[in-house]
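Visitor: show me the folded form of this:
(chains A and B)
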Number of protein chains: 2
Amino acid sequence: MTQTITRPQQIPATADIPEDDHATVDTAELGELLLGRWAHIRRTARELAGRPEVQKIEGLTHTDHRLRCFDQLHYLVEQQAVHRAFPAALGGNDDHGGNIAGFEELVVADPSLQIKAGVQWGLFGSAVMHLGTRQHHEAWLPGIMDLRIPGCFAMTETGHGSDVASIATTATFDPSTDEFVIDTPFRAAWKDYIGNGAIDGRAAVVFAQLVTNGVSHGVHGFYVELRNEDGSFRPGVGGEDDGIKGGLNGIDNGRLHFTGVRIPRTNLLNRYGDVAEDGTYTSPIASPGRRFFTMLGTLVQGRVSLDGAAVAASKLALTAAITYSTQRRQFNASSNLTEEVLMDYQRHQRRLLPRLAATYAASFAHEELLEKFDGVFSGEHDTDGDRQDLETLAAAFKPQSTWLALDTLQECREATGGQGFLAENRFTSLRADLDVYVTFEGDNNVLLQLVAKRLLTDYAKEFKGVDFGVLARYAVSQAAGRTLHRSGLRRVAQTLADTGSGKKSAIALRDEQTQHDLLTDRVQSRVADLAATLRGAKGMSQEQSAALFNEHQNELIEVAHAHAELLQWEAFTRGVHRITDPGTRQVLTRLRDLFGLCLIEKDLAWFLMNGRLSAQRARTLDAYINRLLVKIRPHALDLVQAFGYGQEHLRSAIASGAEQERQQEAAEYTRRRRASGDAPIDEKTLLARDAREKKAKQARKARKARKASPSPVG
Amino acid sequence: MTQTITRPQQIPATADIPEDDHATVDTAELGELLLGRWAHIRRTARELAGRPEVQKIEGLTHTDHRLRCFDQLHYLVEQQAVHRAFPAALGGNDDHGGNIAGFEELVVADPSLQIKAGVQWGLFGSAVMHLGTRQHHEAWLPGIMDLRIPGCFAMTETGHGSDVASIATTATFDPSTDEFVIDTPFRAAWKDYIGNGAIDGRAAVVFAQLVTNGVSHGVHGFYVELRNEDGSFRPGVGGEDDGIKGGLNGIDNGRLHFTGVRIPRTNLLNRYGDVAEDGTYTSPIASPGRRFFTMLGTLVQGRVSLDGAAVAASKLALTAAITYSTQRRQFNASSNLTEEVLMDYQRHQRRLLPRLAATYAASFAHEELLEKFDGVFSGEHDTDGDRQDLETLAAAFKPQSTWLALDTLQECREATGGQGFLAENRFTSLRADLDVYVTFEGDNNVLLQLVAKRLLTDYAKEFKGVDFGVLARYAVSQAAGRTLHRSGLRRVAQTLADTGSGKKSAIALRDEQTQHDLLTDRVQSRVADLAATLRGAKGMSQEQSAALFNEHQNELIEVAHAHAELLQWEAFTRGVHRITDPGTRQVLTRLRDLFGLCLIEKDLAWFLMNGRLSAQRARTLDAYINRLLVKIRPHALDLVQAFGYGQEHLRSAIASGAEQERQQEAAEYTRRRRASGDAPIDEKTLLARDAREKKAKQARKARKARKASPSPVG
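Guide: Sure thing, here's the model as predicted:
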């Protein structure tokens, strides 16, 4: 349970452990650590994901893939794989963290199946559960759980993706019939990209602006029946198919629109806002803004689960690519007899090992996020602050891990050449399916701006009444131990590093504390700089203020990145400290160093420009990373085996051992031919021999000539 | 004609032109410049690519897509679209540059069709043409040209991708029957990823080690019939389907193997090596190494054409994404009434405009490469040096442009959110198809190592007999005008910049000469450093020497990148200097500046660590790039329109103007409601009003109370 986040420096630094170049990795211990708190559920879910029944078949038309996925949802129901988060009273387990852990592992079977399950139970069902009240739960949850009511989560509109507050669909209360009337005012307000929207959805939670008594109370969720038993649209409902997508073609995404669609007043999911028979609106949350964010809060589980699924996909890809790279040989620079194993090439190590390190970081970070999520959703740690922290952590990690997955899948695909491009090795298929993970459930660039906003808000709170300009210019000392906030969110304003000391450049970069200081300092200084730059916005007009923020939008996103990276580094470090086996701990420490140093390398110019690293120290970084790669390389296979995925999950021809067989067969053939003596001679060898013989002949001729002619000197 | 490469600094610097913020782009002049020397052929090819007959239909099964592509090849023959490079005597045009220009444009129709045409005429046909002699041309070229003989280029083996010299298939001469016997010795030697290999190929040029009289003369091409009329394999030939791939599923890639397959001796494509009836081997090229590289030289046209096709795909993607981004609105930070246009967000500009600049650079660079290619293949400039330069240029540009295309397609897809993920907007489809461009026809990482090797060789030649260590330590002055070699390849050793002067940091980064100096210096210094590091390899054993090179493999690839970027920057600059319209020239100069400064920003740490830029100057870079973005933004639409692609090429729903219509309809609806006065009041407005009224009431009450009670002061 890593709920309590400790300062890495309070634990004996792993760098103190004497280096042992014969260290081995205890893959069992490491594997268990990676499985985390919900190990038992992950194991069950992986067993399920290993069955052909739930696995993707490549090359199906989108029509056939959709049919297959829909059937598979029924299979998931039968296997009791998808009800963990629902109330025990209705046959669930009230287990929120476990539910996400199990859900994440489905990605290795088929991301379409995962997301379609996510639409049905994680979005549609979850909206009824979290936004509705008892009557709604009783009326609809049983049917949603057992799939008698396949449904949609109809929020996004063609004209409003990330800006949910601005959606234009309206639900106007008509007291004369005690009904809401759902309307789509124009084409841009069509619901779009709605999973189950094109075909399967019988009902939907439709998000619309609630209007009653001439007042618009903002976005609320309404339970709306979409289709008749025969699949035709009900009166007033229309739509179209989103058609083929870049991936996830097992899901029937579609567009929906509503014209005077009447639903009973009681179909309003009324936990956070209700309308009485006379049209009076009431809400337990007075502020419309806070109410909106509370209702949207349930969306966080989508982000949390995408974070975990992306990590799983990266693990899968690296397992396949690294396994192959330890078997496949290409070019023979160092010997005429044997070729090099791919994994021994420096460039190959540079391509795969930093991504392996980043995947470990993302894995440890995700496990902490999942525990935070479980704390909030179980009600154990459910203050406003907890919810805000959860939102911010999810907004920080989901972009990191989803982009990492695309990057890793692509690098694995390229690093395995033509093999990587074949569907049978799955890199391209997983990449195509995961592509949309970076823009749905919160566009990554938008999420990072939320993180940046939170950093600035925290900073402002910390220094309320203090002159920002002064803070940005002068260093502020901080009390030790306060650096890391218990919530896992950094209080960025607590420290402004002593930038003038130059001390850091004198300490070796492999030192844990140095890495931590550099990464922390970067976030704190950049937040302080931004705060100073943006403080002028207060006195400005809305337009001017927006323009000022826009002039620094890129920096805002960069600082959010830096913050997320720091949090990942810390989670990785806490993970390393939990390892008991010395060899494993040493290898993992090196992997963490690789992660930290690659982060610093990526942003090296910042550290140099701002005097955090001397040019001299910075110039040692590249060589040091190369040395780390060489040290980690012997453990590469162990490090991916610790992920715990078997052949039934990999389903990748190049990771099956076939390459090893091919190499052995070829080597054996060459050995036999060489032994038999009937191998042809290479023309080059022949030419070299001829040249030698010619030279010898000339030498003999010359000697003969010298003998024949009398010596001038006698 | 940019054959003659001039020094940018000899032409009046465009930075001297007074800035005019109302500059406009003459899209006609710019468009013509971009179309280049083979404008007429590009226009014809684009007209063809705009026809539905040759266009990709999304969502076909790979079986149906293959059938469609094969039919489309016949259509290309009918339309006389694919014979430009063949001899005039056989109905071609002997036009090598024009052939590639026309071929490149096919990518906008369907990359599968392009590559399948490339297999048939660019690889299979080309091998017969360039490696064969008159008898082969007469026997097979007519059938290849009109598609009576669909064929394969069977070079790559499962166990040997980039390392062609090591392929294991053998062709052993049997003088008793005057035949070659083709054999696949083991599984790793199966031909793999062979286009037309799974189904359509009737014949193939099979590359195999030629063995005669007990001597292996290295890799040669042999014309081998694969299949009977009914599509079944001929005796001794076998194979299997590579199945579904990450893209290009219109092509039937497959594996092939040979067991004692006998072909007439005269089926050896004997231009560079022949075997007489008695088994005697002869070749016009004595050195087996040089012979091998000469035979492989024909492969360069694949790289040249992929470079151009990748540029075309980037142009297409940017046209769609930028068009949409000037119409779509999202979030309303600056006003309660209207939302911001995506393209006005700084982050959005940062995502799209540097890629637009890089695409212009790649486009100008490609045009120069194509002219070089035409010079060599037409025989006009066909020395050994020319061929080597062509090889190196192609090896430098193909990685840049193919990676740029994937990156650009992906960023366009993400920047357009959910829309970008729909197949109807084509980003995902093009990206999937172009994915393999980065690893086939020469893996990008392998090609870059060839470039690095060439840089080191040139450097060594230049300083033959000179102590490298001394050179690396001290600056060497150079004669002006010698910086740019006429071939377009930089003589890296000619200049070692004066690194101590610090002068550069004092000159504004927008200065053309400064950018050029910085980018040149980076290549020269890094090559010199590497040469100094690697010179020790000479006295080492093969194993030690290979290990030393491997320890610097990553640097080798980085320096090749840097070199390619410099060449692109120079090509872009030469392009800018050819523009006559002042407004266009000014806008393009800014775009070139953006390209140059983003290159410097990407590698800023190097410039800082090595004292090429002061920290002070480096800190201004980010803000300067942001200012450039703002200045280029008003011209973004013109800059993509100059690419000259119409709706028939874009075929992207979001670039059709539909978004503009949706925005107008929504704005009109809002305006009407506001005017009618029956729009609901926002709860927030109401709350604010209530709060004001409550305050006023309290104030009135207070006044009343004050009036009622006697004033203490009277």
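Visitor: which residues of chain A fall in strands?
Guide: Listed in chain order, the strands of chain A (DSSP state E) span A:151-154, A:170-174, A:179-183, A:191-194, A:203-212, A:215-225, A:237-241, A:254-258, A:261-264, A:274-275, A:281-282, A:681-682.
Visitor: return the most buried member of those strands.
Guide: strand A:151-154 (a mean of 30; mean count of other C-beta atoms under 10 Å in any protein chain shown). Quick note: C-beta positions are derived from backbone N, CA and C, even for glycine.
Visitor: now for whichever residue of the stretch 201-350 of chain A sits closest to chain B: which residues touch it?
Guide: Nearest residue of the stretch 201-350 of chain A to chain B (C-beta to the nearest C-beta) works out as A:G246 at 2.7 Å. A:G246 makes contact with A:A432, A:D435, A:V436, B:R413, B:F421, B:L422, B:A423, B:F427, B:T428, B:S429, B:R431, B:A432 under the criterion C-beta atoms under 8 Å, 6 or more residues apart in numbering or on different chains.
Visitor: residue contacts, the residue lying closest to A:G132 once chain neighbours are set aside?
Guide: Of all residues not flanking A:G132 in the chain, A:L269 sits nearest, at 4.1 Å (C-beta to C-beta, 6 or more residues apart in numbering or on different chains). Contact analysis of A:L269 by C-beta under 8 Å, 6+ apart lists A:A127, A:V128, A:L131, A:G132, A:T133, A:H136, A:V205, A:H220, A:G221, A:F222, A:Y223.
Visitor: with pLDDT added, can I get those residues in a markdown table?
Guide: Listed next are the contacts of A:L269 as a markdown table, based on pLDDT from 0 to 100:
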| residue | pLDDT |
| --- | --- |
| A:A127 | 97 |
| A:V128 | 98 |
| A:L131 | 97 |
| A:G132 | 98 |
| A:T133 | 97 |
| A:H136 | 98 |
| A:V205 | 98 |
| A:H220 | 98 |
| A:G221 | 98 |
| A:F222 | 98 |
| A:Y223 | 98 |
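Visitor: list just the nearest of the residues you listed to A:D183.
Guide: Nearest to A:D183 among the contacts of A:L269: A:F222, at 11.8 Å, using C-beta to C-beta.
Visitor: please look at A:R68 and A:L60 and confirm they touch.
Guide: Yes. Under the criterion of C-beta atoms under 8 Å, A:R68 makes contact with A:L60 at 6.7 Å.
Visitor: please name the nearest non-neighbouring residue to A:E179.
Guide: A:R262 (4.6 Å).
Visitor: got a pLDDT number for the one you found?
Guide: A:R262 is assigned a predicted lDDT (pLDDT) of 98.
Visitor: what residues are bridge-paired with it?
Guide: Following DSSP bridges, A:R262 is listed with bridge partners A:V181.
Visitor: which residues touch it?
Guide: Contact analysis of A:R262 by C-beta under 8 Å, 6+ apart lists A:D174, A:T177, A:E179, A:F180, A:V181, A:I182, A:G236.
Visitor: picking up where we left off before, the contacts of A:G246, buried ones only, as a ChimeraX selection?
Guide: Buried residues within the contacts of A:G246, by 16 or more other C-beta atoms under 10 Å in any protein chain shown, are selected in ChimeraX with:
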select /A:432,435,436 /B:413,421,422,423,427,428,429,431,432
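Visitor: got the contacts of A:G246 as JSON lines, with pLDDT columns?
Guide: Formatted as JSON lines, the contacts of A:G246 follow (pLDDT from 0 to 100):
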{"residue": "A:A432", "pLDDT": "98"}
{"residue": "A:D435", "pLDDT": "98"}
{"residue": "A:V436", "pLDDT": "98"}
{"residue": "B:R413", "pLDDT": "98"}
{"residue": "B:F421", "pLDDT": "98"}
{"residue": "B:L422", "pLDDT": "98"}
{"residue": "B:A423", "pLDDT": "98"}
{"residue": "B:F427", "pLDDT": "98"}
{"residue": "B:T428", "pLDDT": "98"}
{"residue": "B:S429", "pLDDT": "98"}
{"residue": "B:R431", "pLDDT": "98"}
{"residue": "B:A432", "pLDDT": "98"}
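Visitor: returning to what we had before: ok, of the strands of chain A, where does mean pLDDT dip lowest?
Guide: strand A:681-682 (a mean of 93).
Visitor: show me how far that one is from its chain's centre.
Guide: Centroid separation for strand A:681-682 versus its chain: 53 Å, with C-alpha atoms, centre = their mean, to the nearest Å.
Visitor: name every strand pairing with that strand and say which way it goes.
Guide: The strands beside strand A:681-682 in its sheet (DSSP bridges) come out as strand B:215-225 (parallel).
Visitor: below-threshold pLDDT in chain A: ranges please.
Guide: A:1-21, A:463-507, A:710-714 (pLDDT under 70).
Visitor: what residues does the stretch 51-200 of chain A put near chain B?
Guide: Residues of the stretch 51-200 of chain A lying close to chain B (C-beta under 8 Å from any C-beta of the partner chain) are A:58-59, A:61-62, A:156, A:158-163, A:166, A:168, A:172, A:185-189, A:192-193.
Visitor: show the buried residues in these.
Guide: A:58-59, A:62, A:156, A:158-163, A:166, A:168, A:172, A:185-189, A:192-193.
Visitor: quick check: the residue of the stretch 351-500 of chain A nearest chain B.
Guide: A:T428 (2.7 Å).
Visitor: A:K461: neighbour count?
Guide: Using other C-beta atoms under 10 Å in any protein chain shown, A:K461 has 10 other residues around it.
Visitor: look up how far A:Q524 lies from it.
Guide: 15 Å (C-beta to C-beta, to the nearest Å).
Visitor: do A:G375 as well
Guide: Distance from A:G375 to A:Q524, by C-beta to C-beta: 27 Å.
Visitor: those two: which has the busier surroundings?
Guide: A:Q524 (27 against 18).
Visitor: buried set for stretch A:622-639?
Guide: Result for stretch A:622-639 [16+ other C-beta under 10 Å]: buried residues A:622, A:624-626, A:628-629, A:631-639.
Visitor: just stretch A:26-34 next, same as before
Guide: Quick answer for stretch A:26-34 (16+ other C-beta under 10 Å): A:D26, A:T27, A:E29, A:L30, A:L33, A:L34.
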